[in-house]
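S.K.: Sequence and predicted structure, then a few things I'm wondering about:
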Amino acid sequence: MHRQSREGRHHDLETGYREALSIREPLGSRLGTSVTEAITPNPPERVAFPSMLQTWSEVSFLHWRVEPAEIRPLVPRSLDVDTFDGSAWVGLVPFRMRMRMPVGGLPIPTLSRYPETNVRTYVVDPSGRRGLWFFSLDVPRVHAIILARIAFGLPYAWSEMSLEERGSRIEYTARRRRPQGGLRSSVIVTTGVAQQRVVDPLALFLTARYRLYASGPLGLYSISVEHQPWSLEEITVDEIDDALVPSSGIRISGTPDHACASPGVGVRVGWPAAVGGSSRGGVPSRGGDPFLLK
């Protein structure tokens, strides 16, 4: 187990947002453009007609700095690896998911509430729009996993999971069942260690992501989400023992380089849209879906 006590970088709210608006690191020469969407605390577009409504709560954002060259072969060729201070970033993000129907806000049967842990990095599409790319999404709902993997190509995994709150401490656990059964993740954090909100530019770069990218049966697509700006707070990572990030093919060492948390947000999830200017080329196939074949 790793133990950590850290002090976050703090700016006042106005200064932090003003600095975040200037984050426009250029894309690599491969895409031939330097016009990149700015990082802002608010979503760049509305989701007028959501496919579903979600609530993401008790969210912890744990991130490590990695070399862009290590991420490059793990995402489709049509996407560029997004960087901050010259580094790519990989995140371990455990939280509680609640799902509701877009009409009436009723809970979705058998899927309405469960823990989730995702492993992700940050990318830019050929139009310069920023978003995130998932390496894995662990949840305890096997039927939803099969649907998501077949219909959308999303790398969901079936895990036994728990999320327990004890005062200011939150404990997240996951034990993978399929694929790569036996992988474990255990994280314990303490919230409320500082009264001031975390609004530094790196925190916004890592959390203000209003678009996901994935490669489905018809090629690369995106899904936009809309929610209020994150209310972020400093946390102490008391213990972390994780095998999910390394299983994605990314080498990390030590405690996270950046950690923060949020009580959560209500989310409007959009519909899949093809990514213009992309090819069908994606992450190399490994001979079929490991979840369905095993």
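M.R.: On my side now, so go ahead.
S.K.: tell me the centre residue of the chain?
M.R.: Centroid check for the chain by C-alpha atoms, centre = their mean gives Arg120 as the closest residue, at 4.7 Å.
S.K.: So that one versus Ala148, what's the distance?
M.R.: Separation of Arg120 from Ala148 (C-beta to C-beta, to the nearest Å) stands at 15 Å. (Each C-beta comes from the backbone N, C-alpha and C, glycine too.)
S.K.: And for Thr255?
M.R.: 31 Å.
S.K.: same check, this time on Ser57
M.R.: Going from Ser57 to Ala148 by C-beta to C-beta gives 21 Å.
S.K.: Can you pull out the low-pLDDT segments for this structure?
M.R.: Counting by pLDDT under 70, the ranges of the chain that qualify are 1-34, 103-111, 195-196, 277-294.
S.K.: can you map out the helices along it?
M.R.: Ranges of helices in the chain, per DSSP state H, are 13-20, 68-71, 142-152, 201-207, 244-247, 290-293.
S.K.: Quick check: buried residues in the biggest strand by length in the chain?
M.R.: Longest strand in the chain, counting residues (DSSP state E): strand 52-66. Neighbour counts over strand 52-66 (16 or more other C-beta atoms under 10 Å) mark 53-66 as buried.
S.K.: Ok, stretch 91-106 next?
M.R.: Of all the residues in stretch 91-106, those buried under the rule 16+ other C-beta under 10 Å are 91-100.
S.K.: and if you look at stretch 184-201?
M.R.: 185-191, 193, 197-201.
S.K.: CSV please, covering these and showing distance to Phe84.
M.R.: Formatted as CSV, these follow (distance: C-beta to C-beta, whole Å):
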residue, distance to Phe84
Ser185, 24
Ser186, 27
Val187, 23
Ile188, 27
Val189, 22
Thr190, 26
Thr191, 24
Val193, 23
Arg197, 19
Val198, 15
Val199, 15
Asp200, 11
Pro201, 8
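S.K.: thinking again about what came up before, closest to Ser87 among the buried residues of strand 52-66?
M.R.: Arg65 (4.4 Å; C-beta to C-beta).
S.K.: how close does that closest one sit to Pro272?
M.R.: For Arg65, the distance to Pro272 equals 31 Å [C-beta to C-beta].
S.K.: mind listing the strands for this protein?
M.R.: Under DSSP E, the chain gives strands at 52-66, 80-81, 88-100, 113-124, 130-139, 156-166, 169-178, 184-190, 211-216, 219-226, 233-234, 236-242, 258-269, 273-274.
S.K.: which of these is buried the deepest?
M.R.: Scoring the strands of the chain by mean neighbour count under mean count of other C-beta atoms under 10 Å gives strand 80-81 as the most buried, with a mean of 24.
S.K.: So which elements touch that one?
M.R.: strand 113-124 (3 or more C-beta pairs under 8 Å, 6 or more residues apart in numbering; DSSP states H and E).
S.K.: The strand it packs on versus strand 130-139: what angle between them?
M.R.: Using axes from the mean of the first three to the mean of the last three C-alpha atoms, to 10 degrees, the direction of strand 113-124 lies 150 degrees away from that of strand 130-139.
S.K.: Can you name every helix or strand that strand 113-124 contacts?
M.R.: When contacts are defined as 3+ C-beta pairs under 8 Å, 6+ apart, strand 113-124 sits against strand 80-81, strand 88-100, strand 130-139, strand 156-166, strand 169-178, helix 244-247.
S.K.: And the closest residue to Ser168 other than its chain neighbours, how far from Ile146?
M.R.: Leaving aside its sequence neighbours, Ser168 sits nearest to Gly192 (C-beta to C-beta, 6 or more residues apart in numbering; 4.7 Å). Gly192 sits 39 Å away from Ile146, going by C-beta to C-beta.
S.K.: swap in Trp56?
M.R.: Trp56 sits 23 Å away from Ile146, taking C-beta to C-beta as the criterion.
S.K.: Then Val199?
M.R.: Distance of Val199 to Ile146, computed by C-beta to C-beta: 40 Å.
S.K.: Same question for Ile188.
M.R.: For Ile188, the distance to Ile146 - C-beta to C-beta - is 31 Å.
S.K.: circling back: now distance to Pro115 too, for the helices and strands packed on strand 113-124, in CSV please.
M.R.: Formatted as CSV, the helices and strands packed on strand 113-124 follow (distance: least, C-beta to C-beta, whole Å):
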stretch, distance to Pro115
strand 80-81, 28
strand 88-100, 6
strand 130-139, 8
strand 156-166, 4
strand 169-178, 7
helix 244-247, 13
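S.K.: Go through these and name the closest to Ser222.
M.R.: Using C-beta to C-beta as the measure, strand 130-139 is the one of those that comes nearest Ser222, at 6.3 Å.
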